[in-house]
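J.: the sequence and its predicted three-dimensional model are supplied below.
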Amino acid sequence: MESEMIRKAREVAGHSHAPYSGFPVGCAIADQDGKIYTGCNVENASFGLSVCAERNAIFHAVSVMDKKLQIRTVIIYTPTPSPTPPCGACRQVISEFAENPVIISVCDGRDIITGSLNDMFTHPFNLKP
Ligand code: THU
């Protein structure tokens, strides 16, 4: 499962639109049924409109699922010598659709970052009316 997700994250990084940063990112997430969804980062000339790979993978999953997404695993791939953990904004978005998923960052080097969302993101924002 994880090796298939890594392969898909690497493949989707090839679709990245990152002409401004030159930093392609691919992401694969697995849902509660083991189904895999992917996304890449998509940048814009108006830089603030750029969207990360993780959020694109999640929004893609939400758009096609007929039940609420529960993320079990997140794989992030960058074609870099060291792995890239998810940014804070993506950690918040992951927290909306998961209890405590495993997050694994892989790259072209040997290092891997593995952790749970709770390790990486201790106090998510929640609306408490
Ligand atoms: N990026 C991601 O896709 N995911 C992250 O978690 C961090 C950053 C993208 C955004 C931008 O297109 C490029 O990497 C450089 O910041």
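T.: On my side now, so go ahead. Numbering: from 1, shown residues only.
J.: so how far is the helix or strand hosting Ser105 off the chain centroid?
T.: Per DSSP states H and E: Ser105 is located in strand 102-106. In terms of CA atoms, centre = their mean, to the nearest Å, the centre of strand 102-106 is found 9 Å from the chain centre.
J.: residues of the protein that sit close to the ligand?
T.: 18, 21, 23, 25, 41, 43, 50, 52-54, 86-87, 90 (CB under 6 Å from any ligand atom). Glycine gets a C-beta too; all of them are placed from N, C-alpha and C.
J.: of these, just say which sits nearest to Thr78.
T.: Lowest distance from Thr78 to the residues of the chain next to the ligand (CB to CB) belongs to Val25, with 5.5 Å.
J.: list the contacts of the residue nearest to the closest one when sequence neighbours are not counted.
T.: Among residues not flanking Val25 along the chain, Ala53 sits closest, at 3.9 Å (CB to CB, 6 or more residues apart in numbering). By CB atoms under 8 Å, 6 or more residues apart in numbering, the contact list for Ala53 reads 12-13, 16, 25-27, 39-41, 76.
J.: report pLDDT for Ala53.
T.: We have a pLDDT of 98 for Ala53.
J.: got phi/psi on it?
T.: When read as degrees, to the nearest 10, the backbone of Ala53 gives phi -60, psi -40.
J.: render the CA-only coordinates of the strand holding Ser105 in PDB, please.
T.: Taking C-alpha atoms only, strand 102-106 is exported to PDB below (Å, rounded to 0.1, in the frame of the first residue of the first chain):
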ATOM      1  CA  VAL A 102       0.300   8.800   9.400                       C
ATOM      2  CA  ILE A 103       2.200  11.300   7.400                       C
ATOM      3  CA  ILE A 104       5.300  10.200   5.500                       C
ATOM      4  CA  SER A 105       7.600  12.400   3.500                       C
ATOM      5  CA  VAL A 106       9.900  10.800   0.900                       C
END
